[in-house]
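Colleague: Sequence below, structure please.
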Amino acid sequence: MNSLLSHARHVLDGLLTALHIQLNHPSNHQFKLVVKRYLYALDVDKAIDRVTNSCHSCASLRQTPSVRVEQSTSPPPNSIGQSFAADVLKRARQLILVLRETATSYASTLLLEKEHQLTLRDALLQLCIPMRPMDGPPAVIRTDPALGFKALTEDTLLNQHRIIIELGRSICFYVTAFRSVRQLLHLVLGPYLTPPPPLSSIVLSKPTPILVK
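Modeller: Numbers count the residues shown, from 1 in each chain. Predicted coordinates for the structure are as follows:
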């Protein structure tokens, strides 16, 4: 029977690192088989994991999972009032719909009573119709895939007004919506202290419509 060499914890990491390099960087499983055959120490498995995970040579050869990031480009709109981005801002138990025209960064806001399908539809119509030409091409409003917006993708009234809801999952959509909300927070909510008080439609009408840079 082979005898095992016992080592203290404070020298274990240094010894394992030297062995790992001397054995030409074996894998974690291979290294454990070799170490446990000749050495004994408390928490040796954790020490081996630390040594193999911190090895730069092993990290350079380790396979990283390939992540496919879908990216797409779209041509700029031919006219103003054709492409929009919408999002709902929640603060102080209030719901504020922010609609931004992507070509000009022109945005407007409206207080909502609830985040319901019909409420969102009426609010989008109220904000979108004054910002687009009546005889122009259909307007596309990109939103997040929330239930209220998702139910409007096949809405009859929106189709009659030539308004199309497109559920946006791309990075460009979230950047556009985030900039609109951030500018609204800066212009309207910035002077208020914490906790912020509820906003009235009169207060919201001061910076709306706003230019988002």
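Colleague: show me the contacts for Ala146.
Modeller: 88, 115 (Cβ atoms under 8 Å, 6 or more residues apart in numbering). C-betas here are computed from N, CA, C, even on glycine.
Colleague: cool, and Ala139?
Modeller: 81-84, 128, 132, 162-164.
Colleague: same thing with Pro77?
Modeller: Pro77 neighbours (Cβ under 8 Å, 6+ apart): 83, 102-103.
Colleague: quick one: which of those residues is nearest to Asp49?
Modeller: Each of the contacts of Pro77 was checked against Asp49 using Cβ to Cβ; the closest is Thr102, at 49.1 Å.
Colleague: And the nearest residue to the closest one once chain neighbours are set aside, how far from Glu115?
Modeller: Spatially, and ignoring its direct neighbours in sequence, Thr102 is nearest to Ser83 (4.5 Å; Cβ to Cβ, 6 or more residues apart in numbering). Distance, Ser83 to Glu115, by Cβ to Cβ, to the nearest Å: 23 Å.
Colleague: Looking at these two, which one has more neighbours?
Modeller: Neighbours per residue (other Cβ atoms under 10 Å) separate Ser83 from Glu115, with Ser83 holding more: 22 against 15.
Colleague: Could you give the bridge partners of that one?
Modeller: Val140 (DSSP bridges).
Colleague: any idea how far it is from Leu167?
Modeller: 14 Å.
Colleague: what's the answer for Lys36, then?
Modeller: Lys36 is 54 Å from Leu167, by Cβ to Cβ.
Colleague: Domains in this structure, by residue range?
Modeller: Under automatic domain parsing, the residue ranges defining each domain of the chain are 11-61, 83-211.
Colleague: Export those as TSV, with columns for mean pLDDT and distance to Pro76.
Modeller: TSV is the format used below for these (pLDDT from 0 to 100; distance: least, Cβ to Cβ, whole Å):
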stretch	mean pLDDT	distance to Pro76
domain 11-61	84	43
domain 83-211	76	7
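Colleague: Buried deepest among those, which one?
Modeller: By mean neighbour count, with neighbours taken as mean count of other Cβ atoms under 10 Å, domain 83-211 ranks first of the domains of the chain at a mean of 16.
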